[in-house]
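>>> Could you look at this predicted model? Sequence included:
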Amino acid sequence: MNPNIASLYQIANKPERLIIGLMSGTSLDGLDIALCKCIGSGLNIQLSILAFETLPYANDFKADVKTIFSKKTIDLEKLCLLNAYIGVLHAQMINSCIAKWGYENSQIDAIASHGQTIYHAPKSLHGLANYGNGTLQIGDGDHLAVTTGIITLSDFRQKHIAAGGEGAPLALYGDYLLFSKAGEDRIMLNIGGISNATFLPGNLNPDNIVSTDIGPGNTMMDAYIQAHFEGNYFDADAIIAKLGSVNKPLLQALENHPFFTTSFPKTTGPELFNLHFLYAAMQRAKITNLSHEDIMATLNCFTANAIVAAIQQLTAPDQPISIFVSGGGMHNPLLLQNIQTQLPQITIRTTEAIGINPDAKEAVLFALLANESLCGGNTFYGKNTPSVSMGKISFPR
Ligand SMILES: Nc1ncnc2c1ncn2[C@@H]1O[C@H](COP(=O)(O)OP(=O)(O)OP(=O)(O)O)[C@@H](O)[C@H]1O
Ligand SMILES: CC(=O)N[C@H]1[C@@H]2OC[C@@H](O2)[C@@H](O)[C@@H]1O[C@H](C)C(=O)O
């Protein structure tokens, strides 16, 4: 037997595994690295985070990725080079974290690598009759495996598409395994570049799970700040948005898009929610002169309204519901306030309240997906989503 296969077999048979989950989202702020201990699998999983770090990306690297990120026309050579480069960069970041945390690479059973999303093209976005859903994440798993010496699972989204999904949100799987609770309807809300939500029914019937993208999270606010406030990457603590007021005609123009009336589940990305989307809405609303502060206040409100509308769509009026938020947007105080004031009856907590660091949650979810591919695979996630094992396996040798 090839020793790689023997080692994979041995890892899959262990009662517990150490898996490093990686997430680098559409905000391009850095790489989230979560070292997870996974005992068992499926609905019996016991997962604990042993260490977590977000390693920020250098500005030059961000600028490089941005040249090929969510654009229809790009430099193919750059795409080809970054595919390998990101694999090696992520591997080096992992190596430094493992050493810092006081572990040896040989103690880690597997890496679960999301990669860097470069383009997300669900059919609802491209509209081309001859093509289905598409998505592309780069940072090749072989480079991670060779540079770390650790078996790596990567490129999780293709299997989801192959089995009939849009390649996202994959949060559903981990949300269901980790956070479902009998007798309590829950919504897991993640506010990253794009916001998404998973409704977890208290009756535990997987057919009642709904997981969907909602619309922009931080992406439009971030893009506006980056374009107009040199040296700033996001509206830290909503300082700028708090100085402005919401422009109603612009808000209405932003909200008047078919994405918001398309039924769940649906997915999206910065390919749609970007500055062109904003400028087109400004044109339709005949707005030529609005302060940066008012635009930021309006984008903040637009983001919050989309989230509130999705929560209202996922629940019946007066239905008791627990909401657990994660992702960078939860650190935006105005965004949270704009959401909470429209949902006064609901207590919104972070996932910390149920044992998972909200900044680490997405990286943890990928560790879980890898754990399922290694030693689970028997869970049924309901009729609305593919129940498949995801991730391609790369060997170090
Ligand atoms: N103090 C803060 N005030 C306002 N916004 C913040 C703050 N801290 C973080 N953010 C927002 O969070 C973003 C980063 O969020 P996150 O790391 O969840 O994104 P991501 O991983 O790229 O998301 P996704 O994968 O879901 O697209 C920042 O770009 C910023 O918009
Ligand atoms: C294609 C892609 O990278 N999508 C991301 C993005 O960031 C948030 C939202 O859009 C979500 O659909 C997804 O990530 C999370 C982890 C998911 O699949 O659940």
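On my side now, so go ahead. Numbers count the residues shown, from 1 in each chain. Ligands and ions are numbered 1, 2, ... in the order given.
>>> Relative to ligand 1, which residue of the stretch 251-397 of the chain is the closest?
residue 328 (2.0 Å; Cβ to the nearest ligand atom). Every residue, glycine included, has its C-beta placed from N, CA and C.
>>> my guess is that residue meets residue 30, correct?
No. If you go by Cβ atoms under 8 Å, residue 328 and residue 30 don't touch, sitting 10.3 Å apart.
>>> can you count the residues close to the residue in the stretch 51-200 of the chain positioned nearest to ligand 1?
In the stretch 51-200 of the chain, the residue that lies nearest ligand 1 is residue 192 (1.9 Å; Cβ to the nearest ligand atom). Residue 192 has 21 neighbours, counted by other Cβ atoms under 10 Å.
>>> Could I get the contacting residues of it?
25-27, 217-218, 327-329, 362 (Cβ atoms under 8 Å, 6 or more residues apart in numbering).
>>> could you redo the last one with a cut-off of 6 Å?
25, 217, 327 (Cβ atoms under 6 Å, 6 or more residues apart in numbering).
>>> What of residue 360?
34, 49, 52.
>>> same question, residue 245
Residues in contact with residue 245 (Cβ under 6 Å, 6+ apart) are 294, 297.
>>> Could you check how far it is from residue 144?
Distance, residue 245 to residue 144, using Cβ to Cβ, to the nearest Å: 47 Å.
>>> quick one: contacts of stretch 269-278?
Here stretch 269-278 makes contact (Cβ under 6 Å, 6+ apart) with 26, 70, 120, 125, 194, 216, 219-220, 223.
>>> if you set the cut-off to 7 Å instead, what comes out?
The contact list for stretch 269-278 (Cβ atoms under 7 Å, 6 or more residues apart in numbering) reads 26, 70, 119-121, 125, 193-194, 215-216, 219-220, 223-224, 227, 259.
>>> Name the member of those residues with the most neighbours.
Neighbour-wise, those (other Cβ under 10 Å) top out at residue 216, 30 neighbours.
>>> That one contacts residue 301, doesn't it?
No. Counting by Cβ atoms under 7 Å, residue 216 does not reach residue 301; the two are 11.5 Å apart.
>>> Flag every residue of the stretch 1-150 of the chain that's near ligand 2.
For the stretch 1-150 of the chain, the residues in contact with ligand 2 under the definition Cβ under 6 Å from any ligand atom are 25-26, 117, 120, 135.
>>> In strands only, show me those.
Among these, the members found in strands (DSSP state E) are 117, 120, 135.
>>> quick one, what contacts the second one?
Shown here is residue 120, whose contacts under the criterion Cβ under 7 Å, 6+ apart are 135, 168, 267, 269, 271.
>>> cool, residue 302 as well?
Taking Cβ under 7 Å, 6+ apart, we find residue 302 in contact with 251, 254-255.
>>> out of those, who's nearest residue 140?
Each of these was checked against residue 140 using Cβ to Cβ; the closest is residue 254, at 37.1 Å.
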